[in-house]
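S.K.: Give me coordinates for this.
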Amino acid sequence: MNSKEIFSLALNLQPPWFIKDITLEKGDSNLFGRLTIQIDFEKGARFTMSDGQEYSAYDTEIKTWQHLNFFEHECFISARVPRVQDNENRVLTVQVPWSRPGSGFTLLFEAFAMLLIEKEMPVNKVAKTVRVTAPRLWRVFNYWIKKAIAKDNVSSVEQIGIDETSSRKGHNYVTVTVDVQERRVIHACEGKDADAVRHMKQELQAKGLRAENIRNVCIDMSPAFISGVFDNFPDTEITFDRFHIKKLLNEAFDKVRQLERKGNDLLKGHKYTFLKAYEKLSGKKQRDLDMLVHMYPKLGEAYRLKVMFDDFWEMTDIQDAQGYLAFWCDMVNDSKIFPLIEFVKTIKAHWFGIVNYLKSNITAGVIEGINNKIQLAKRRARGYRRIDNFINMIYFLCGKLKFDYPQYPL
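M.R.: Numbers count the residues shown, from 1 in each chain. Prediction:
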């Protein structure tokens, strides 16, 4: 078997295509050379076009595509690409089997680059690895993402979660919508207001979503998200994010700790002693906590109320849960602990969305897990300057999309 036969087999070339020549040019540095595989087509070959008819070549043009490296050498495919004149006298270019229209890379090259990105390598690093500029690689990446998004079907979605994230610290917020049951991102768009929810509904409806099928929406207490859900999904029930409520309670408790901390050095360095779950503390930290809640009665009362609130999430009877929550709110008001009283006002203003958690049982854990994955990708890339690149990266990492490019066995 000669070199042409080996490369033909490796490229899976089928008639009428064949390898005409192979050349290897060494670089000036003697480190990297250039391998060029010249492909031609058989004389008299006919090509099937989009209308189903076969045509012979009208003329040809030389095109070149970058392929996977051959050892340390860059590899390119060069071919005479035929053009045909169809029955309507249009001159059309024949589509070659090793590349997609308009691309300067082979399908295998693009698939390999996408695989590296899938393995959480930043795009700029992938670009250096495959020896192309980052903008060219981003164009490849965005092409495949947009194509997969367009084919995505969301007609079976019934429970969604909506959250926000940023492409860089404090910049360019993105609203992310998650299919809670399938644990995947189904939509991402710029902004974090009610218009983002409207935009999400419109785009998902174009892909099969039925707004009346959405039974539950899990969000934080953002007024913009609340307004957006009421306007666009009027028949759905809102569940407020359990983790967001817990975060607000922890923040309220920490204000109590900060007030008690003034002039009390014993409380120094114990922020997370109070905020961390008791069973997750070390033996020494547990003993410190037991001592501090007795030495500082107001802080101890606030800690007791904070722990008692967690019992609400474990209740199964809705009436009992509402009774317990009302009882807890009364205890907080009786305690005269101002930061917790402010938290109670938030609870009462969002009562039904909090109680709905016990009915829908939607946990924001799925949303938080996806957001953590997004944040990890953002840190690896040191932020994203272009918002569309960031949005497409969210789809790629968290959308469970299906792609048409060749898949490498893992």
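
S.K.: show me where pLDDT drops low in the stretch 51-200 of the chain?
M.R.: Scanning the stretch 51-200 of the chain for pLDDT under 70 picks out the ranges 169-171.

S.K.: give me that answer again for 90
M.R.: For the stretch 51-200 of the chain, applying pLDDT under 90 flags the ranges 51-52, 58, 70-73, 86-89, 118-121, 163-173, 191-193.

S.K.: residue ranges for the helices of it, please.
M.R.: Remark: helices assigned in the stretch 51-200 of the chain by DSSP state H, counting those that start in this stretch are 107-118, 123-130, 134-151, 194-205.

S.K.: now the angle between helix 123-130 and the third one, please.
M.R.: Put plainly, it is helix 134-151. Interaxial angle, helix 134-151 versus helix 123-130 (axes from the mean of the first three to the mean of the last three Cα atoms, to 10 degrees): 110 degrees.

S.K.: Would you mind giving the orientation angle of helix 134-151 with respect to helix 107-118?
M.R.: For helix 134-151 and helix 107-118, the angle between their directions (the same axes, to 10 degrees) works out to 90 degrees.

S.K.: coming back round to it: how about JSON lines for the helices of the stretch 51-200 of the chain, with distance to Asn12 and mean neighbour count added?
M.R.: Just so you know, the C-beta spots here come from the backbone N, C-alpha and C atoms, and that holds for glycine as well. JSON lines is the format used below for the helices of the stretch 51-200 of the chain (distance: least, Cβ to Cβ, whole Å; neighbours: other Cβ atoms under 10 Å):
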{"stretch": "helix 107-118", "distance to Asn12": "10", "mean neighbour count": "19"}
{"stretch": "helix 123-130", "distance to Asn12": "21", "mean neighbour count": "17"}
{"stretch": "helix 134-151", "distance to Asn12": "20", "mean neighbour count": "17"}
{"stretch": "helix 194-205", "distance to Asn12": "37", "mean neighbour count": "19"}
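
S.K.: Can you lay out those as a markdown table showing distance to Leu340?
M.R.: A markdown table is the format used below for the helices of the stretch 51-200 of the chain (distance: least, Cβ to Cβ, whole Å):
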| stretch | distance to Leu340 |
| --- | --- |
| helix 107-118 | 46 |
| helix 123-130 | 46 |
| helix 134-151 | 45 |
| helix 194-205 | 30 |
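
S.K.: so what's Lys146 closest to, chain neighbours aside?
M.R.: Using Cβ to Cβ, 6 or more residues apart in numbering and skipping the chain neighbours, the partner closest in space to Lys146 is Asn392 (7.3 Å).

S.K.: Tell me the spacing between that neighbour and Lys147.
M.R.: Here Asn392 is placed at a distance of 11 Å from Lys147 (Cβ to Cβ, to the nearest Å).

S.K.: Then Pro406?
M.R.: Between Pro406 and Lys147 the computed distance is 14 Å (Cβ to Cβ).

S.K.: Also Arg261?
M.R.: Counting by Cβ to Cβ, the gap from Arg261 to Lys147 is 56 Å.

S.K.: chain center to the longest helix seen in the chain: distance?
M.R.: Taking DSSP state H as the criterion, the chain has its longest helix at helix 242-261. Helix 242-261 has its C-alpha centroid displaced from the chain centroid by 30 Å (Cα atoms, centre = their mean, to the nearest Å).

S.K.: buried ones in the next helix or strand after it?
M.R.: Per DSSP states H and E, the first helix or strand lying C-terminal to helix 242-261 is helix 271-275. Within helix 271-275, the residues scored as buried using 16 or more other Cβ atoms under 10 Å are 273-274.

S.K.: so who does the residue nearest to Lys146 touch?
M.R.: Asn392 sits next to 141-142, 145-146 when contact means Cβ atoms under 8 Å, 6 or more residues apart in numbering.

S.K.: Which of those residues sits closest to Tyr324?
M.R.: Ranked by distance to Tyr324 (Cβ to Cβ), the contacts of Asn392 are led by Ile145 at 46.7 Å.

S.K.: Return the residues in contact with the closest one.
M.R.: Per Cβ under 8 Å, 6+ apart, neighbours of Ile145: 392, 395-396, 401.

S.K.: again, only using 10 Å
M.R.: Counting by Cβ atoms under 10 Å, 6 or more residues apart in numbering, Ile145 touches 114, 388-389, 391-396, 399, 401, 403.

S.K.: any idea how far His67 is from Thr273?
M.R.: Distance, Thr273 to His67, by Cβ to Cβ: 59 Å.

S.K.: again, but for Trp17
M.R.: 14 Å.

S.K.: do the same with Thr129
M.R.: 15 Å.

S.K.: what do you get for Ser3?
M.R.: Taking Cβ to Cβ as the measure, Ser3 falls 15 Å from His67.
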